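In: For reference, the sequence and a predicted model appear below.
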Protein chains: 2
Amino acid sequence: MKTTHPETLRPRKTPTQARSAATVGAIFEATIQVLLTDGGHRLTTTRVAERAGVSVGTMYQYFPHKQALMYAVVHQHLTMFVDEFEAACFRHWNEPIANITQGMVTAFLDIKIRHPDVTRALYKIADELDTDELRFGTAKSLQTACVSLLGSAPDVTFENLPDIAFTLLTAMNGTTRAVFEFGAEPEMVKMLHIQLLALCRGYLDISAVQRSNVSH
Amino acid sequence: MKTTHPETLRPRKTPTQARSAATVGAIFEATIQVLLTDGGHRLTTTRVAERAGVSVGTMYQYFPHKQALMYAVVHQHLTMFVDEFEAACFRHWNEPIANITQGMVTAFLDIKIRHPDVTRALYKIADELDTDELRFGTAKSLQTACVSLLGSAPDVTFENLPDIAFTLLTAMNGTTRAVFEFGAEPEMVKMLHIQLLALCRGYLDISAVQRSNVSH
DNA sequence: TCCAAAGCCGAATAATCATTCATATACTGC
DNA sequence: GCAGTATATGAATGATTATTCGGCTTTGGA
């Protein structure tokens, strides 16, 4: 598996004029749309340029190659996801485990639902990327945030917190992904929310150890 | 999204002589190996033929096109998975829910672990396939088996059994997939087994309704 | 031993793709 | 309005790809 050196994945130039920022935005959006309608293995520079309403040459002014474009798109959205998820974690810091669970599940789902196209598109691009750095890095960040949040619960403690966080996140992701790949119809999403709450609550209940109430 | 008509996905000829069966076997195995080493987007007819030790022409004697080859490989392994999973379900029929849970989780994991290369390879080929029929069909079969098995527990009942089965299977799949994509080292697999047992037990505990003991 | 069927080969073909670059247009400050 | 920079163009290039087909080799049986 040949991996492209990260250095070369950086965009070629930073847009200064307003129109070029618009161009890059159009290219990003077009990438998502091509992924949705044609699939990852038909994500070609020609198709993206066409859908974005620009020429291929223009694309190559901002990205040295296709890998760089894909990297940028994935990076943008994964970073956004991590940021919003971490923000939600801070919001529920130190709350009882029941609140934490409900807050985390709801936040996880909300972010995905707020950008349904992006969510579905990212599932399709994974195999095209020459590096796993982004996915692994994101997984690590989410796990860290989750560990901290669960550890902040005043009413319980957990053994193997990293393992529990890992399992919780990947399980949520598995069910969510399945729902989105099935079309993510509103009733299905509603069901997903309900079942994920039960899943996580049940898992954390069974894994939690009551904390002896040591007051200050 | 152009989908290939299922009819054309059928193999071109059925091997009669022993050596041709060996050829097809080599092609199947080569497909898995190319997926693992090169990734789905570099799964080419040339590469598969080369790794299988046959010529491209030979491949086209058994499969009318690349889609048919991929379809055959995926179909073979998904069918195997469903068969083994259903067999495990029958084995735990009518047992108490605690046994059912443990049996189902263990079977799910065992099948994946018994064919680690196949497990990882199938994650990579999904986007290349022009049809979702196989994935959706498999999901449906597994869900049906799971619904029946859970429904057979004498000590509990569930509401929304299809939703619960769906959630259970996709959650297990999500965590399992993550572990395999991280390399599936032995200690990781051990952790996976432990955590999946807790996850499913917790979820089913919380979703179950005690069945009033109506003795005949 | 011999032959028809089964199996195999791989160069040739036509399509598609990523990437380049010489040229043209649009914008910004003056 | 002008000069210089930023941005956009798209035909051309070379690589890679899926698929074909005419000819070759092996096999199983008579």
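Out: Perfect, thanks for sending it. Numbers count the residues shown, from 1 in each chain, chains lettered A, B, ... in the order given.
In: can I assume A:Ala107 sits in a helix?
Out: Yes. With DSSP: H, G, I helix; E, B strand; the rest coil as the criterion, A:Ala107 is part of a helix.
In: tell me which element the closest residue to it other than its chain neighbours falls in.
Out: Once flanking residues are discounted, A:Ala107 sits nearest to A:Ala88: 3.4 Å by CB to CB, 6 or more residues apart in numbering or on different chains. Where you see a C-beta, it was placed from the backbone N, CA and C, and this is true even at glycine. If you go by DSSP states H and E, A:Ala88 is part of helix A:66-91.
In: hmm, that helix touching DNA strand D?
Out: No. Using CB under 7 Å from any atom of the strand, helix A:66-91 stays clear of DNA strand D, coming no nearer than 12.1 Å.
In: Same check on stretch A:110-129?
Out: No. Using CB under 7 Å from any atom of the strand, stretch A:110-129 never reaches DNA strand D; the gap is at least 13.1 Å.
In: Can you get me the start-to-end distance on that stretch?
Out: In stretch A:110-129, first residue to last residue: 26 Å (CA to CA, to the nearest Å).
In: contacting residues around it?
Out: A:31-33, A:35-36, A:39-41, A:43, A:67, A:70-71, A:73-74, A:77-78, A:81, A:84-85, A:135, A:176-177, A:180-181, A:184, A:189, B:39-41, B:124, B:126-127 (CB atoms under 8 Å, 6 or more residues apart in numbering or on different chains).
In: my read is A:Gly183 is in a helix, agree?
Out: No. According to three-state DSSP, the state of A:Gly183 is coil, so it is not within a helix.
In: Now do it: how many residues are near it, please.
Out: 10 (other CB atoms under 10 Å in any protein chain shown).
In: that older thread, filter the contacts of stretch A:110-129 to the buried ones?
Out: With burial judged by 16 or more other CB atoms under 10 Å in any protein chain shown, the buried subset of those is A:31-33, A:35, A:39-41, A:43, A:67, A:70-71, A:73-74, A:77-78, A:81, A:84-85, A:135, A:176-177, A:180-181, A:184, A:189, B:39-41, B:124, B:126-127.
In: residue in chain A nearest to chain B?
Out: A:Gly174 (1.5 Å; CB to the nearest CB).
In: any idea how far DNA strand C is from that residue?
Out: As judged by CB to the nearest atom of the strand, to the nearest Å, A:Gly174 and DNA strand C stand 30 Å apart.
In: so where do the helices sit in chain A?
Out: A:18-38, A:45-52, A:56-62, A:66-91, A:97-114, A:116-125, A:133-151, A:161-181, A:186-207 (DSSP state H).
In: what inclination does the fourth one have with respect to helix A:116-125?
Out: When you say that, I think you mean helix A:66-91. In terms of direction (axes from the mean of the first three to the mean of the last three CA atoms, to 10 degrees), helix A:66-91 departs from helix A:116-125 by 130 degrees.
In: Are helix A:66-91 and DNA strand C in contact anywhere?
Out: Yes. Against DNA strand C, helix A:66-91 shows contacts by CB under 7 Å from any atom of the strand at A:Lys66, A:Gln67.
In: ranking the helices of chain A by burial, who's on top?
Out: Counting by mean count of other CB atoms under 10 Å in any protein chain shown, helix A:161-181 has the highest mean neighbour count of the helices of chain A, with a mean of 22.
In: Hmm, A:His193 is touching A:Val105, no?
Out: Yes. Using CB atoms under 8 Å, A:His193 is in contact with A:Val105, at 7.5 Å.
In: quick revisit: who touches the residue of chain A closest to chain B in this structure?
Out: So A:Gly174 contacts B:Thr170, B:Ala171, B:Met172, B:Asn173, B:Gly174, B:Thr175, B:Arg177 (CB under 8 Å, 6+ apart).
In: mind running it again at 6 Å?
Out: A:Gly174 is in contact with B:Thr170, B:Ala171, B:Asn173, B:Gly174, counting by CB atoms under 6 Å, 6 or more residues apart in numbering or on different chains.
In: thinking again about what came up before, a markdown table for the helices of chain A, including mean pLDDT?
Out: As requested, these are exported to a markdown table (pLDDT from 0 to 100):
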| stretch | mean pLDDT |
| --- | --- |
| helix A:18-38 | 95 |
| helix A:45-52 | 98 |
| helix A:56-62 | 97 |
| helix A:66-91 | 98 |
| helix A:97-114 | 98 |
| helix A:116-125 | 98 |
| helix A:133-151 | 98 |
| helix A:161-181 | 98 |
| helix A:186-207 | 98 |
